[in-house]
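Engineer: model the structure of this input:
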Amino acid sequence: MKIQLLSLSLLCSSSVLAQDITLINPFEVPAVHEEATIEHWEKARDFLQTQPGYVSTQLHKSLQPNSTFFLINIAKWESTEDFQRAISNMQKVIPALELDGVKNYPALYEVIRN
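Structural biologist: So this is what the prediction gives:
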């Protein structure tokens, strides 16, 4: 019984239950703007990884040339508040990417099933 209670207590600890939030940000990118978009993403990444609550980020490139979303950024943050604060800070330092045909659709997600 003691082992079961210890296991339950470990499962219920805040560090085990705490889950990061996930930013999923797909980009429509015309081929002519691929490099500029990636360079802008790298600048944003370099800034954001210095911000409190940052966990990780990865930029994915589609293997299919006709894919609607050519690039997809997936980032992990400790909380929605950390993410929003970091983006606000970044917007003061790094200008928005403004290239014809480049569109992105960022949204925050939480895991609801494993």
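
Engineer: quick check: closest non-adjacent residue to Asn104.
Structural biologist: Phe27 (4.7 Å; C-beta to C-beta, 6 or more residues apart in numbering). Using the backbone N, CA and C atoms, a C-beta is placed for each residue, glycine as well.

Engineer: so the one you found, which of the three states?
Structural biologist: Secondary structure, DSSP: H, G, I helix; E, B strand; the rest coil: Phe27 is strand.

Engineer: could you pull up the residues touching it?
Structural biologist: Thr37, Phe69, Phe70, Leu71, Ile72, Asn73, Val102, Lys103, Asn104, Tyr105 (C-beta atoms under 8 Å, 6 or more residues apart in numbering).

Engineer: tell me which residue is most central in this structure.
Structural biologist: Ala75 (2.0 Å; C-alpha atoms, centre = their mean).

Engineer: where do the strands sit along this structure?
Structural biologist: Assigned by DSSP state E, the chain shows strands spanning 21-28, 54-61, 71-77, 103-104, 107-109.

Engineer: tell me what the last one is packed against?
Structural biologist: Contacts defined by 3 or more C-beta pairs under 8 Å, 6 or more residues apart in numbering; DSSP states H and E place strand 107-109 against strand 21-28.
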